[in-house]
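# based on what follows, work out the 3D shape:
(chains A and B)
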Amino acid sequence: MDAMLPSTNSAATDLPAAVRAGLHPELACLGLTIEIGGLPLRLCAPDPDFWSLLARRYSNFIRPEAMAEMEFDLLPTAPDPPPAEVNLQIRCEEGRWLLSRGEFRAAFDLRSRRGHLACVPNPYSVDTLLRIVHSLLLAPAGGLLLHASGGIRGGRGFLFSGVSGAGKTTMARLAPPDVQLLTDEISYLRRGEDGFRVYGTPFSGELGIQGESVSAPLAAVYLIEHGAANRLELVPEAEAARRLMRNVLFFARDAHLVSQVFATVCELVRCVPVFRLEFLPDPRVW
Amino acid sequence: MSTTYIARSAAVAARRLGDEMVIMSALDSTLFSLSDVAAVLWEAADGRTPLDQIVRDRVCSSYEVDAATALRDAEEFVRALATHGILLVSGEPMESPVTQAPAASAGGKQQ
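Predicted structure coming up:
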């Protein structure tokens, strides 16, 4: 099936002729530069409606002036019958990453910094692509994506990590007005010169709203679970690493990259306190 | 009796966190925590030192255990880790394929 996809380097010229014919070059590919975690990626959508949808979806993260690190052509496709592949398939062949699930098909090359995504025009496919690309670019840079909600308060970042149902969105909903919401679902963090920083993301969960495009030094990580009372307990480093590894978003079965993610988690638990937080759904937890 | 040599797999990442050695198989992301004695064996698995010498020099000298019992436990541990592909076992000395020395815990928490 992947043989049907245009190669990464020729994706732009392989756009359907009907899309390009008669259109001004600027209109043939409407660009949108989306910066998450200080990393701008440019999406080129030939469909103005799709472009508008993405512009609304990622409005807090659009940076027209930013120099994109990678560029992707978005190729709208018609919906297929129910997908045969339930799980996302991802593999790397000679430096070229290939992703597929149902009607979702993507390919990109981190060296040429170009790629494409063929999908039904909906933001969820673009979310998936962005998460995967960012996770691959972050791994060697000492960063990762974590299942966690988060916010900035008093210039310090706090993350609330847990599996589905643990209370990530609840913690975001309970945030007082002076908290800047980073995300209610997927957090973005990266090691810098002065420790780890957290960044807002557009990736939303049940709350359905994108985070703010802001960042701050990471002050603490909380492994959350619903409880009968608010209770806080410092987690030993090894246990914290084990628990956090379960909540890291990483899709590639690449031993070298996985080792880099593990090293980042280990560095994280050494630098930042990790607590187990049992909480009641009450604003006093903040 | 044959001599056993052990070496750490290259497809493994290891870190000492606090007083625990945490090992991850990079092939399937499985995590292992090693006991103190197991960590001693892991750190000494250079592919060149015979297992019985490691047990004698590194385990029996530090822990109150007789050599036969320690060696039996060590062989069991080695078999278990070899099953998961994170230790290599051979009857001959091996070039150590280790890509990453276990890092010691260092640095303070950022507040």
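
# break down chain B into its strands, ranges please.
Along chain B, the segments classed as strands by DSSP state E run B:5-8, B:12-17, B:20-25, B:31-34, B:46-50, B:87-90.

# what pairs with the fifth one, parallel or antiparallel?
Strand pairing for strand B:46-50, using DSSP bridges, gives strand B:5-8 (antiparallel).

# check the last one too.
When pairing is defined by DSSP bridges, strand B:87-90 lines up against strand B:5-8 (antiparallel).

# got the CA coordinates for the partner strand in CSV?
What follows is strand B:5-8, C-alpha atoms only, in CSV (Å, rounded to 0.1, in the frame of the first residue of the first chain):
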residue,chain,number,x,y,z
TYR,B,5,31.3,-15.5,30.8
ILE,B,6,28.6,-12.8,30.9
ALA,B,7,28.3,-9.5,29.0
ARG,B,8,25.7,-6.8,28.9
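
# list the buried residues for that strand?
Neighbour-count burial for strand B:5-8, counted by 16 or more other Cβ atoms under 10 Å in any protein chain shown, picks out B:5, B:6, B:7, B:8. Any C-beta I mention is one placed from the backbone N, CA and C, and that applies to glycine too.

# dump the strands of chain B to a markdown table, plus mean pLDDT and distance to residue A:204.
Listed next are the strands of chain B as a markdown table, based on pLDDT from 0 to 100; distance: least, Cβ to Cβ, whole Å:
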| stretch | mean pLDDT | distance to residue A:204 |
| --- | --- | --- |
| strand B:5-8 | 94 | 42 |
| strand B:12-17 | 91 | 32 |
| strand B:20-25 | 91 | 30 |
| strand B:31-34 | 90 | 30 |
| strand B:46-50 | 95 | 49 |
| strand B:87-90 | 93 | 44 |
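
# redo those as CSV? Include distance to residue A:173.
What follows is the strands of chain B, written out as CSV (distance: least, Cβ to Cβ, whole Å):
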stretch, distance to residue A:173
strand B:5-8, 46
strand B:12-17, 33
strand B:20-25, 34
strand B:31-34, 32
strand B:46-50, 53
strand B:87-90, 47
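
# so the residue most central in space within chain B versus residue B:14, what's the distance?
Central residue of chain B (Cα atoms, centre = their mean): residue B:42, 1.2 Å from the mean position. Going from residue B:42 to residue B:14 by Cβ to Cβ, to the nearest Å gives 7 Å.

# could you do residue A:163 as well?
Separation of residue A:163 from residue B:14 (Cβ to Cβ): 26 Å.

# again, but for residue A:281
39 Å.

# same question for residue A:96.
Between residue A:96 and residue B:14 the distance is 31 Å, computed by Cβ to Cβ.

# between the two, which is the more surrounded one?
The neighbour count for residue A:96 versus residue B:14, taken as other Cβ atoms under 10 Å in any protein chain shown, is higher for residue B:14 (23 against 18).

# I'd like to know how far the more buried one sits from chain A.
Distance, residue B:14 to chain A, using Cβ to the nearest Cβ, to the nearest Å: 9 Å.

# what about residue A:209, which SS state?
Following DSSP: H, G, I helix; E, B strand; the rest coil, the label given to residue A:209 is coil.

# need the contact list for residue A:278.
Residue A:278 is in contact with A:224, A:225, A:226, A:227, A:228, A:229, A:230, A:231, counting by Cβ atoms under 8 Å, 6 or more residues apart in numbering or on different chains.

# quick check: mean pLDDT of the host helix or strand of residue A:260?
Assessed by DSSP states H and E, residue A:260 sits inside helix A:255-271. Average pLDDT, helix A:255-271: 94.

# one more: stretch A:274-286?
For stretch A:274-286, mean pLDDT rounds to 93.

# chain B: helices as residue ranges?
For chain B, the helices defined by DSSP state H cover B:36-44, B:51-54, B:67-83.

# give me the helices and strands touching the second one, please.
Right, helix B:51-54. Secondary-structure packing of helix B:51-54 (3 or more Cβ pairs under 8 Å, 6 or more residues apart in numbering or on different chains; DSSP states H and E): strand B:5-8, helix B:36-44, helix B:67-83.
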